[in-house]
Structure formats: C-alpha cells, structure tokens
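Novice: No letters, just coordinates:
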C-alpha cells in the first residue's frame, strides 16, 4: 500500500493522544477514504483496548475494524516532532500511521507490508527526522511506501 503525498503531515506542536488520533483521522477523512464514524471507531478502540496500536518503539498504527465507515483502503502518516505518549511501553510515539481497510484480509496485508518497511531502524529514524513533506515523501518512495 502506497502513502500519497496528501496523506502526510508533520506536526510540531505538542498533542495529547486524543488530539493526535484526531489529526490522523482527519487526514484520512480529508482525502475521502473514511466517514466521520471511523474516527469515532478509532477513539472507541483506544478507550476500550488501550494503546494496543503502539506497535513498536516510537511507532503507532491507529486503526479500527473494517466497516462501512471505510470508503477506500488507505494509509496516512503524521510525524510527531513533539512525541506523543499513549500510555504504552513503546512510548513516546514519533511516527503515527493511520490505516483504514474495507475488508479484513486487506487490513492484514496492509499491516504486514507496513511492518516490513518499519522493521528497519534506519528507515524509522530517517522518517522521524524528516523536516518537510517533500523529504518525507522521497523517503517513503525510496522504501516503496510512497506513491
């Protein structure tokens, strides 16, 4: 799954977990991939299950179950220049991905593809250190995730 340039944001201001989830949800909403209900579903999952989506040190993958609230499979990324603490042993988060999928099998495939890219610590560090959207997009394109 490729991340489009319009699905990238760099946030320099401090955010609490809810604000960070709202930013990533808004990116997916703005590009027409989800309905507002999906953002609510992400919040509900966080409230119910805690920070399970903080999948590795400094990396979170906010998502909810595939549902009718998803209009298109998509992925977005927010670089948190002021890291966000979600209450996970992998905090603080610098890379906040948002993922939405219409079907469960696609959801799993997208997670696996993203995990393979993020297994490289140098890639993670380079993404976190990107200072502008163009540089971030080039880095993602080099990993095969941009497009």
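Specialist: Received the coordinates, thanks. As the structure is a prediction and not an experimental result, all values here were calculated from the model.
Novice: State the distance from residue 91 to residue 113.
Specialist: Residue 91 sits 24 Å away from residue 113, going by CB to CB, to the nearest Å. Placement of C-beta: from N, CA and C, glycine included.
Novice: for the nearest residue to residue 34 once chain neighbours are set aside, what are its contacts?
Specialist: Closest residue in space to residue 34, ignoring its immediate chain neighbours: residue 28 at 4.7 Å, by CB to CB, 6 or more residues apart in numbering. Residue 28 is in contact with 7, 34, 38, 39, 74, 76, 98, 100, counting by CB atoms under 8 Å, 6 or more residues apart in numbering.
Novice: And residue 140, by the same measure?
Specialist: For residue 140, the contacting residues are 3, 8, 77, 127, 146, by CB under 8 Å, 6+ apart.
Novice: What is the neighbour count of the third one?
Specialist: The local packing of residue 77 (other CB atoms under 10 Å) involves 24 other residues.
Novice: now the first one
Specialist: Other residues within reach of residue 3 by the criterion other CB under 10 Å amount to 22.
Novice: Leaving out the residues flanking it, which one is nearest to the residue nearest the centre of the chain?
Specialist: By CA atoms, centre = their mean, the mean C-alpha position of the chain lies nearest to residue 97, the distance being 0.9 Å. The shortest distance from residue 97 to any non-neighbouring residue, by CB to CB, 6+ apart, is to residue 61 (4.7 Å).
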